[in-house]
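Q: I'd like to go over a predicted model; first the sequence, then the structure.
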Amino acid sequence: MARLTHAQALILLLSASMWAVSMASRQHGFNNTGWSYNNGWSYKRPPCPKNSTSDTPSKIVVGGSQNWTFGVNYANWALKNGPFYFNDTLVFKYDPPSDTNIHPHSVYLLPDLWSFLKCDLRRAKLVASETQGGGDGFEFVLNSWQPHYFACGGGAGFHCNNGTMKFFVMPMFRRRRY
């Protein structure tokens, strides 16, 4: 397979980001701009996204009640639980290494879409070690407006490579209340 040029990779990244934002806002319906034509133009204010009505950031446990665990599809989880907003906190909870937990989890922040797609952890930053997910979990604040690509490095990369223990979010800005 041929390698992507920088321009092609940028187009792919922008397309994926726009798709993710549109999917995250899918619960608001088609053409939810508020404008409609029913025997004349009218405007009705569209509903606010579920967690944008608060001016305060949210804490979201990654995986919900299942936490950061092998076997959960986190890409689906992120789509169902989005959108995520600037300064929201993602909480990664997982069991530390033990005699029964021989493939413990960790959290890596991947540098780009290509690394995310390939589960290439070589240039990734370890943001939470195998022991940091216990107790109250490891907290990651979405404090920059850019895509954040997360993956587990457990099982020598198998947890990411099987396609489930990885996801990305693009934090949005909260709408002002009227």
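A: Thanks, I have it.

Q: helices along this protein, start to end?
A: 6-24, 74-81, 113-118, 158-161 (DSSP state H).

Q: quick one, strands of this protein?
A: With DSSP state E as the criterion, the chain has strands at 35-37, 41-43, 59-61, 89-92, 107-110, 125-128, 138-141, 148-151, 166-169.

Q: the helices of the chain: lowest mean pLDDT?
A: Mean pLDDT values for those show the minimum at helix 6-24, a mean of 58.

Q: what about the closest residue to Pro171 other than its chain neighbours, neighbour count?
A: Excluding the flanking residues, the one nearest Pro171 by CB to CB, 6 or more residues apart in numbering is Leu142, at 4.1 Å. From N, CA and C alone the C-beta is placed, and that goes for glycine too. Applying other CB atoms under 10 Å, we find 20 residues neighbouring Leu142.

Q: quick one: Leu142 from Tyr149, how far?
A: The gap separating Leu142 from Tyr149 is 12 Å, by CB to CB, to the nearest Å.

Q: low-scoring pLDDT stretches of this protein, where are they?
A: Along the chain, segments meeting pLDDT under 70 span 1-54, 176-178.

Q: of all the strands of the chain, which lies closest to Trp68?
A: Among these, strand 89-92 comes nearest to Trp68, with 4.7 Å by CB to CB.

Q: mind putting the strands of the chain in JSON lines, distance to Tyr74 and mean neighbour count included?
A: Listed next are these as JSON lines, based on distance: least, CB to CB, whole Å; neighbours: other CB atoms under 10 Å:
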{"stretch": "strand 35-37", "distance to Tyr74": "36", "mean neighbour count": "10"}
{"stretch": "strand 41-43", "distance to Tyr74": "38", "mean neighbour count": "9"}
{"stretch": "strand 59-61", "distance to Tyr74": "12", "mean neighbour count": "15"}
{"stretch": "strand 89-92", "distance to Tyr74": "10", "mean neighbour count": "20"}
{"stretch": "strand 107-110", "distance to Tyr74": "11", "mean neighbour count": "22"}
{"stretch": "strand 125-128", "distance to Tyr74": "14", "mean neighbour count": "15"}
{"stretch": "strand 138-141", "distance to Tyr74": "14", "mean neighbour count": "16"}
{"stretch": "strand 148-151", "distance to Tyr74": "8", "mean neighbour count": "22"}
{"stretch": "strand 166-169", "distance to Tyr74": "4", "mean neighbour count": "22"}
